[in-house]
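1. Need a 3D model of the sequence below.
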Amino acid sequence: MKIALNVLQQGPMSDGPEWWRLCDDAGVDVIGLPDSPALVRELYVVAALCAQQTSRARIMTSVTNPVSRDPSVTAAALLSLEEIAPGRIACGIGTGDSALWGVGMRPAKVAQLRDYIVAVKALLRGEEADYQGRRFRMQWSDLPVPADIGVVVPVSGPKVLRMACEVSDGMLLSMGFGPHNVDYVRSLVDEGCRAAGRDPAELELWWNSEIVFGDSVTEALSRGMGVGTEWLTMGSLEGKQIPEHLRAALVQFNTDTHNLGSEYQDEDREQALIARAQELGLYEWLLARAPGLWGTPADVAARLRELESQGLDRWMFYVGRSESDRMNHLRLICEGVMPLLDVGGSADG
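-> Residues are numbered from 1 along each chain as shown. Just a heads-up that it's a prediction; the model follows:
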């Protein structure tokens with residue numbers, strides 16, 4: 001099993017090194033660093049510091065977007081990181097979430113994301129990029145190419161998934177974790193790879209979720225649902241296994257909870273989400289889509305072993321929405337859950 005942790009750098013930069021070294025020493029495979037300038041410290045400054053403070057974990061943008069930066073800027077940042085931490089850099093990139101709506105911008109279209117990924121990957125190979133009618137290449141002296149920097153795309157629906165099958169190196173999946181959800185995702189990946197002439201085994205499939213810790217499964221359930229919904233209403237609702245009678249309620253739910261002030265900082269956010277989901281009649285459906293990662297570290301590890309037996313063996317976990325809880329959450333994963341698992345631990349996994 002491989003574990004990635006998506007760690008917000010919301011507080012002072014001085015907090016980061018202790019978090020990252022804990023992850024690195026524990027055998028975490030990937031440290032994800034969000035790109036949301038209105039909410040957290042600047043991605044590539046944080047990534048450079050993280051690269052210097054770690055020795056084995058991969059460092060992934062988790063996730064950037066094709067609107068905030070030109071492909072040449074993203075390629076330059078990634079290649080610079082590659083010089084600091086050779087073979088340990090990955091690029092997670094989606095259409096854009098809080099980095100964009102937090103400053104009044106709209107997400108990119110899937111076609112733009114595809115063209116952007118193709119352009120960035122060309123630049124990372126030292127080739128000429130063709131993007132929005134412009135042709136250009138990196139002209140550094142001693143350009144460190146071709147660089148082995150994988151591109152991972154967050155996926156919540158079939159349209160982005162098909163695009164990712166064509167041009168990405170992996171996916172960060174947020175399409176539900178019930179057996180019917182997982183079977184559906186796998187069928188879409190197989191179809192998308194066949195259409196693109198690729199082997200599905202070429203793609204890293206990471207399952208993107210949260211862990212809710214508590215003294216018991218029941219107590220943890222009272223503290224959080226352990227499943228995100230924000231991606232489900234971005235773009236089209238089609239092909240996302242959302243029952244017709246729940247669609248309007250889900251849109252309302254995400255609208256009610258989607259604001260910059262509470263997105264990462266509200267200490268009572270999870271309890272508020274539970275109450276609102278129950279009020280809108282979404283709660284049971286959301287629990288059925290959740291991976292069931294609730295309870296003590298031993299409960300969580302046991303559940304992860306069950307999921308691993310079903311082929312779900314790469315996980316990215318979002319670490320602590322509230323700043324005060326972040327270090328405790330990291331310790332519970334790194335020192336509580338991971339010693340009970342057969343984790344990966346190689347930077348090239």
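2. which residues of the stretch 51-200 of the chain fall in helices?
-> Ranges of helices in the stretch 51-200 of the chain, per DSSP state H, counting those that start in this stretch, are 71-84, 98-101, 110-124, 158-167, 179-196.
3. which one of the ones you listed has the lowest average pLDDT?
-> Of all those, mean pLDDT reaches its minimum on helix 98-101 (a mean of 72).
4. what helices or strands is that helix leaning on?
-> Packed against helix 98-101 by the contact rule (3 or more Cβ pairs under 8 Å, 6 or more residues apart in numbering; DSSP states H and E) you find no helix or strand. The way it works is simple: take the backbone N, C-alpha and C, and place the C-beta from them, glycine included.
5. circling back: closest one to V63 among the helices of the stretch 51-200 of the chain?
-> Of all those, helix 98-101 sits nearest to V63, with 8.8 Å by Cβ to Cβ.
6. will you turn the helices of the stretch 51-200 of the chain into CSV that also has mean neighbour count and distance to L22?
-> CSV is the format used below for the helices of the stretch 51-200 of the chain (neighbours: other Cβ atoms under 10 Å; distance: least, Cβ to Cβ, whole Å):
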stretch, mean neighbour count, distance to L22
helix 71-84, 19, 20
helix 98-101, 20, 25
helix 110-124, 21, 30
helix 158-167, 20, 31
helix 179-196, 15, 30
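7. Take the ones you listed and lay them out in TSV including distance to G281.
-> Formatted as TSV, the helices of the stretch 51-200 of the chain follow (distance: least, Cβ to Cβ, whole Å):
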stretch	distance to G281
helix 71-84	41
helix 98-101	26
helix 110-124	30
helix 158-167	25
helix 179-196	19
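8. Which of those helices sits closest to D268?
-> Closest approach to D268 among the helices of the stretch 51-200 of the chain is made by helix 98-101 (19.4 Å; Cβ to Cβ).
9. Just the CA atoms of the closest one, as PDB, please.
-> Extracted in PDB, the C-alpha atoms of helix 98-101 (Å, rounded to 0.1, in the frame of the first residue of the first chain):
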ATOM      1  CA  SER A  98     -10.300  27.300  -4.400                       C
ATOM      2  CA  ALA A  99      -7.300  28.900  -6.100                       C
ATOM      3  CA  LEU A 100      -9.700  30.300  -8.700                       C
ATOM      4  CA  TRP A 101     -13.100  30.700  -7.000                       C
END
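10. Which positions in stretch 270-285 come out as buried?
-> For stretch 270-285, the buried set under the neighbour-count rule, 16 or more other Cβ atoms under 10 Å, comprises 270, 273-274, 276-277, 282-283, 285.
11. quick revisit: L143 is nearest to which of the helices of the stretch 51-200 of the chain?
-> Closest to L143 of these is helix 71-84 (Cβ to Cβ; 7.3 Å).
12. Any idea which of the helices of the stretch 51-200 of the chain gets closest to H245?
-> Among those, helix 179-196 comes nearest to H245, with 17.2 Å by Cβ to Cβ.
13. after the closest one comes which helix or strand?
-> Sequence order places strand 204-210 as the next helix or strand after helix 179-196, per DSSP states H and E.
14. Which residues does that next one contact?
-> Residues from elsewhere that reach strand 204-210, judged by Cβ atoms under 8 Å, 6 or more residues apart in numbering: 4, 150, 152, 154, 169-174, 177, 189, 224, 226-228, 290-291, 293, 307, 312, 314-318.
15. Over to stretch 75-92?
-> Residues contacting stretch 75-92 (Cβ under 8 Å, 6+ apart): 30, 32, 44, 47-48, 51-52, 54, 56-64, 69, 74, 120, 123-124, 129, 138, 140, 143-145, 147-154, 172, 347-348.
16. Only whichever of the residues you listed are buried, select them in PyMOL.
-> Applying 16+ other Cβ under 10 Å to those, the buried members can be selected in PyMOL as follows:
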select buried, resi 30+32+44+47+48+51+54+56+57+58+59+60+61+62+63+64+69+74+120+123+124+129+138+145+147+149+150+151+152+153+154+172+347
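17. ok, A195 - contacts?
-> By Cβ under 8 Å, 6+ apart, the residues touching A195 are 162, 165-166.
18. meant to ask about P71, not that
-> By Cβ under 8 Å, 6+ apart, the contact list for P71 reads 116, 119-120, 123, 129, 131.
19. got it, and E166?
-> Under the criterion of Cβ under 8 Å, 6+ apart, the neighbours of E166 are 114, 192, 195-196, 198.
20. Distance check, it against F136.
-> Distance of E166 to F136, given as Cβ to Cβ, to the nearest Å: 22 Å.
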